[in-house]
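Undergrad: Let me see the structure of the following:
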Amino acid sequence: MKLQKVGGIAVIASIFVWFAAVLIYNRFGLPGDPVEAMEAYSTSSIYSHIPLFMIEACYVLYMAFFLSLHERMHAGAPYLTRIMLIAISIAAAMGIMEVVIWITGMQLIVPARDVSSYRVLDALLNGLHNAGGHAAMWATLFAGWAILKTGTFSPVLGCLTIAASILAIFGFAVPPVGRVYPFYIAYAAILWMGIELLRKQPVPSTAKEITTAL
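TA: The predicted structure is shown next:
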């Protein structure tokens, strides 16, 4: 019960953390040119680290949210919720790897001003970032499926979650799909789930049995 409230709060907090990370990145992010980026990093590296740590914090909040969904729905959809947890765990692991590899790599590359290595590191970072988001959308897909199977939340929410997740999963490979901003739709869906976790509490099994008996 308490975990579900924590999950609801976590997913709402993740929105503020994510938007703050985007704002800080847009203000203090490294330039696109590799030479200018390495020069800026050598001057003040901490500003480029802050958004990364905030994205890492988002994944921790996502873990709390999906754990709360698992607690709510595992009785009715045990396999779906387990796969959901595996997918979000993979996403969180990639988010952590993204931060560690970037900081470690930049500390080695920047002193040498190695442009080729910087480009490789930047491509690796983008790959991990997109792969983490991809895995998170798989977790969201299985969450939507579990919603439809268990009837825990509104069927409309389940269908919206599944549709947005499928679009997001294929969006990186099919550019026109990305124009409908499926990630934002999926984020709206999980925010809806978070609000429902805070508003509604499941009926205890004993109470269900009494109601059925009556």
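
Undergrad: in whichever strand or helix holds residue 83, what's buried?
TA: Counting by DSSP states H and E, the element that carries residue 83 is helix 78-109. Neighbour counts over helix 78-109 (16 or more other CB atoms under 10 Å) mark 80-81, 83-85, 87-92, 94-99, 102, 105-106, 109 as buried. For the C-beta atoms, the positions are set from N, CA and C on the backbone; glycine is no exception.

Undergrad: can you check stretch 155-172 too?
TA: 157-158, 160-169, 171.

Undergrad: do stretch 65-82 as well
TA: Buried, per 16+ other CB under 10 Å, within stretch 65-82: 65-74, 77, 80-81.

Undergrad: residues in contact with residue 101?
TA: 121, 124, 125, 128 (CB atoms under 8 Å, 6 or more residues apart in numbering).

Undergrad: if we can go back for a sec, starting at the chain centroid, how far to the helix holding residue 83?
TA: From the chain centre to the centre of helix 78-109 is a distance of 10 Å (CA atoms, centre = their mean, to the nearest Å).

Undergrad: same thing with stretch 101-120?
TA: Distance, centroid of stretch 101-120 to centroid of chain: 26 Å (CA atoms, centre = their mean).

Undergrad: Give me the distance between the two termini of that stretch.
TA: In stretch 101-120, first residue to last residue: 12 Å (CA to CA, to the nearest Å).

Undergrad: And the average pLDDT for that stretch is what?
TA: Across stretch 101-120, the average pLDDT comes to 90.

Undergrad: try stretch 198-205
TA: 61.

Undergrad: now stretch 44-53
TA: 83.

Undergrad: starting at the chain centroid, how far to it?
TA: That offset, for stretch 44-53, works out to 19 Å (CA atoms, centre = their mean).

Undergrad: any idea how far the biggest helix by length in the chain is from the chain center?
TA: For the chain, the helix with the greatest residue count under DSSP state H is helix 115-150. On the basis of CA atoms, centre = their mean, helix 115-150 sits 8 Å off its chain's mean C-alpha point.

Undergrad: Any buried residues in it, and which?
TA: In helix 115-150, counting by 16+ other CB under 10 Å, buried: 117-118, 121-122, 125, 128-129, 131-148, 150.

Undergrad: Find the least confident helix or strand in this protein, judged by mean pLDDT.
TA: helix 205-213 (a mean of 37; mean pLDDT, DSSP states H and E).

Undergrad: Contacts for stretch 72-87 next, please.
TA: Contacts of stretch 72-87 (CB under 8 Å, 6+ apart): 4, 66-67, 69-70, 135-136, 138-139, 142-143, 145-147, 149-152, 197, 202.

Undergrad: residues touching residue 135, list them.
TA: Going by CB under 8 Å, 6+ apart, residue 135 touches 87, 88, 90, 91, 94.

Undergrad: May I have the residues that are in contact with the nearest residue to it once chain neighbours are set aside?
TA: Nearest residue to residue 135, sequence neighbours excluded (CB to CB, 6 or more residues apart in numbering): residue 91, at 3.8 Å. Residue 91 makes contacts with 59, 62, 132, 133, 134, 135, 136, 139, as judged by CB under 8 Å, 6+ apart.

Undergrad: For the fifth one, give its distance to residue 186.
TA: Counting by CB to CB, to the nearest Å, the separation of residue 134 from residue 186 is 12 Å.
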